[in-house]
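Q: below: sequence and its predicted model.
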Amino acid sequence: MINESSHFRGNLFRIQCLFSACISIILVSCAASNTQQLKKKEPGFDRKVSTREYNDSGLQIVHALGSGNAEAFTMLLNKQVILYRAFQGMPENSHISRARTKLDSVLDQAGIVMTENLGEKTQLTFVKTRLVKDEYRALVRVNMGDRGLSYIDFILDKDDSGMVKIIDWHDYAQGQLYSESLRQALVFMLPRDDSLFATLLGESWVDSDSFGKISELARLARQRNYTAWLEKYRTLPDRLKYSRIVLVTRALIASASGSEDEYRSALREVSTHFGDDPSLSLMLLDHYLSERDYAAAHRSLETLRDYTGGDAAIHLLKANVCLTEKDYPESIRHAQIAIHEDDTLEEAYWALLAVSVYSNKYDIAVNTLRRLEQNFGYSFDPDRIARIKGYDQFARSSIFADWKYGLLP
């Protein structure tokens, strides 16, 4: 049985619709994949602001990460510019110089870390290149299956030789730039300087006492001692407890701990204190759906659309939100838009199938089944579909019978 409480549950990445995903698992069990390998079409690009070079770089990034070629990804980095962004405004001295050398070696391992974090089953899609505040950004969709959906914005620029390189990237799951993460790491690499650390972290609370507490949290995180981390967090003074850096880290730690209660509580606090931060809109979507605050969920997706420049998968997410709140016409509309914008987005077909069955739009449901067969190689068993709970009325319809017996044109 499919229930709506399982619709959007799980960790920070599990923000895609499990409602339609669950039914897709059941239906796939009623089908056998064809042996023929179906060729997927490349998604469209925003050519109004992009150039072939930047589009090619976006595709190279996806190919390197998608194939697990860590070295190829690292070769696409402009380490000098990334370090400049991380160290911008810092004084020049021997401590800074040593830290820069160490972070330079960290960047040599960036490809390994990135490919390991994404995992083998992750699907990457280059969405488009766009111009944001004089910076070219290659938007990449990250689909991690039952772990959910996220995005990475790779910021691109030409180096001195004219080659397009990555100069930074924004991870939507964590809501910050990679250069910011490097900058924050400097507090553990430099001699203690409260004024400098306050500047690095962008927080006014940094002093000797708070630095010691943050250092302890960092140690526990490195040890993956999530339970102890969360216990230590509860002892922090409010100025630390509700700072952006610590709150977002708490959500990530709570997710990694596997505690649903801790995770929900962490997202609730992030929403309370930083709900208007557009870079956290994707992270907070899960919270709004858990709270059944559908208006906030839609606002979050609108913010995400504005922030990314739009993507078919955002319409998929909107379709799933509408399905949860039983706004079937809007759910169908957004699922159809998602398919129109990217006809390789398989999850959009499953969402459209689910909502069309539940809203008695059986012509749409049958058409969707046929497209799943044609586009993705499925071969469904109609008798097994008829036995799925909630599909019995659909299976008694005349159009289902026409599809079952091959009478459709």
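A: Yep, it's here.
Q: what about Val132, how many neighbours?
A: If you count neighbours by other Cβ atoms under 10 Å, Val132 ends up with 15. C-beta: built from backbone N, CA, C; applies to glycine.
Q: just the one 10 residues further on next, same as before
A: As a burial measure, the neighbour count of Val142 was computed by other Cβ under 10 Å and equals 22.
Q: try Ser265
A: 15.
Q: ok, now how distant is it from Ile214?
A: Noted for Ser265: a distance of 20 Å to Ile214, by Cβ to Cβ, to the nearest Å.
Q: can you check Leu118 too?
A: Taking Cβ to Cβ, one finds Leu118 at 28 Å from Ile214.
Q: check Tyr84 too.
A: In terms of Cβ to Cβ, Tyr84 sits 25 Å off from Ile214.
Q: which residues touch Ala251?
A: The contact partners of Ala251, by Cβ atoms under 8 Å, 6 or more residues apart in numbering, come to Leu12, Tyr263, Ala266, Leu267, Val270, Met283.
Q: and what of Asp171?
A: Going by Cβ under 8 Å, 6+ apart, Asp171 touches Ser150, Ile152, Tyr178.
Q: all helices for the stretch 201-350 of the chain, in order.
A: In the stretch 201-350 of the chain, the helices defined using DSSP state H, counting those that start in this stretch lie at 208-222, 226-233, 238-241, 244-257, 260-274, 281-290, 294-308, 312-324, 328-341, 346-358.
Q: for Glu71, find the nearest of those.
A: Of all the helices of the stretch 201-350 of the chain, it is helix 208-222 that lies closest to Glu71, at 25.4 Å by Cβ to Cβ.
Q: quick one: that closest one to helix 226-233, angle?
A: Between the axes of helix 208-222 and helix 226-233, defined by axes from the mean of the first three to the mean of the last three Cα atoms, to 10 degrees, the angle is 170 degrees.
Q: average model confidence for helix 208-222?
A: Average pLDDT, helix 208-222: 79.
Q: surely Thr125 is in contact with Val62?
A: Yes - applying Cβ atoms under 8 Å, one finds Thr125 in contact with Val62, separated by 7.0 Å.
Q: quickly list what's touching both of those two.
A: Val140.
Q: buried set for the helix or strand harbouring Tyr84?
A: Using DSSP states H and E, Tyr84 maps to helix 79-87. Within helix 79-87, the residues that count as buried by 16 or more other Cβ atoms under 10 Å are Lys79, Val81, Ile82, Leu83, Arg85, Ala86, Phe87.
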